[in-house]
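A.B. asks: what's the 3D shape of this:
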Amino acid sequence: MTEIDPSRLQVVDHSLVQHKLTLMRSVDTPAPLFRQLLRETSMLLAYEALANLPTMPATVETPLGPAEGQQLKTDPALISILRAGNGLLDGFLDIVPSASVGFIGMYRDHETLEAIEYYTNIPQGLAGRVTIAVDPMLATAGTAIAAIEKLRHAGASDLRFVCLVAAPEGIARVHAADPHVRVITAAVDQGLNDVGYIVPGLGDAGDRIYGTQ
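C.D. replies: Sure, this is the predicted structure:
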């Protein structure tokens, strides 16, 4: 397996991120609280993932005169990998509401662990823009790699993948498939179990978000 490239991996060890992640891991955390914590955590992850967006000089008028500042050159594109990606999407939109939003609907076949696509709606004009794909869990990386390939074909050049928890195997597979993707996560866990779930992880993120366990 390809080694993890530390230059393309960012683990966000902010105290609040780690506190909220610990609460989300707990089996006793109910769906409404899980959703709230995930939205709050996603805003903190967005702060890191969007830290170096290209800007341009701008002048605005304050009550006391002109001020020189910076504005975004282009708004980023946010791509939610359905369904669990929507749990991260809202927090990102709280930070940058002007972003374009796309959706890639995929699920993992529990027998083959392959990604099955059922819906795609991607914004136009991804070339030259920062594109952020969001999905709470990066496990076997099957869905992540399929989504990344689709976004590359759509023109995404600066592509970042944001998740809450990742397995080392998943990160390595993403970088083996596309070494230029930057992975931003709150935690890199021990690894995968024999059915492809992250250990210790937090269970199925979609089920935890929507109370469908």
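A.B. asks: so where is the protein shaky, pLDDT-wise?
C.D. replies: Across the chain, the ranges flagged by pLDDT under 70 are 1-3, 110, 113, 213.
A.B. asks: for it, longest helix please?
C.D. replies: helix 31-49 (DSSP state H).
A.B. asks: elements contacting that helix?
C.D. replies: Using 3 or more Cβ pairs under 8 Å, 6 or more residues apart in numbering; DSSP states H and E, the elements in contact with helix 31-49 are helix 15-25, helix 86-95, strand 158-166, strand 182-188, helix 205-210. C-beta here means a position set from N, CA and C on the backbone, and glycine is covered the same way.
A.B. asks: how about D94: what's its closest non-neighbour residue?
C.D. replies: M43 (5.6 Å; Cβ to Cβ, 6 or more residues apart in numbering).
A.B. asks: now the one you found: how far from D90?
C.D. replies: Using Cβ to Cβ, to the nearest Å, we find M43 at a distance of 9 Å from D90.
A.B. asks: want to throw the helices and strands packed on helix 31-49 into CSV with distance to L37 and mean neighbour count?
C.D. replies: CSV is the format used below for the helices and strands packed on helix 31-49 (distance: least, Cβ to Cβ, whole Å; neighbours: other Cβ atoms under 10 Å):
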stretch, distance to L37, mean neighbour count
helix 15-25, 5, 16
helix 86-95, 10, 20
strand 158-166, 10, 25
strand 182-188, 11, 22
helix 205-210, 10, 20
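A.B. asks: got JSON lines for those, with distance to D5 too?
C.D. replies: Compiled in JSON lines, those are given as follows (distance: least, Cβ to Cβ, whole Å):
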{"stretch": "helix 15-25", "distance to D5": "22"}
{"stretch": "helix 86-95", "distance to D5": "23"}
{"stretch": "strand 158-166", "distance to D5": "13"}
{"stretch": "strand 182-188", "distance to D5": "9"}
{"stretch": "helix 205-210", "distance to D5": "25"}
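A.B. asks: how many neighbouring residues does T29 have?
C.D. replies: Counted by other Cβ atoms under 10 Å, the residues lying close to T29 total 16.
A.B. asks: give me every residue that touches it.
C.D. replies: The contact partners of T29, taken as Cβ atoms under 8 Å, 6 or more residues apart in numbering, are 23, 37, 208.
A.B. asks: which strands and helices sit next to the helix or strand following the longest helix of the chain?
C.D. replies: Along the chain past helix 31-49, the next helix or strand (assigned with DSSP states H and E) turns out to be strand 55-62. Secondary-structure packing of strand 55-62 (3+ Cβ pairs under 8 Å, 6+ apart): strand 65-72.
A.B. asks: mind checking how far the residue of the chain most remote from its centre is from Q71?
C.D. replies: In the chain, counting by Cα atoms, centre = their mean, L64 sits farthest out from the average C-alpha position, at 40.5 Å. Taking Cβ to Cβ as the criterion, L64 is separated from Q71 by 20 Å.
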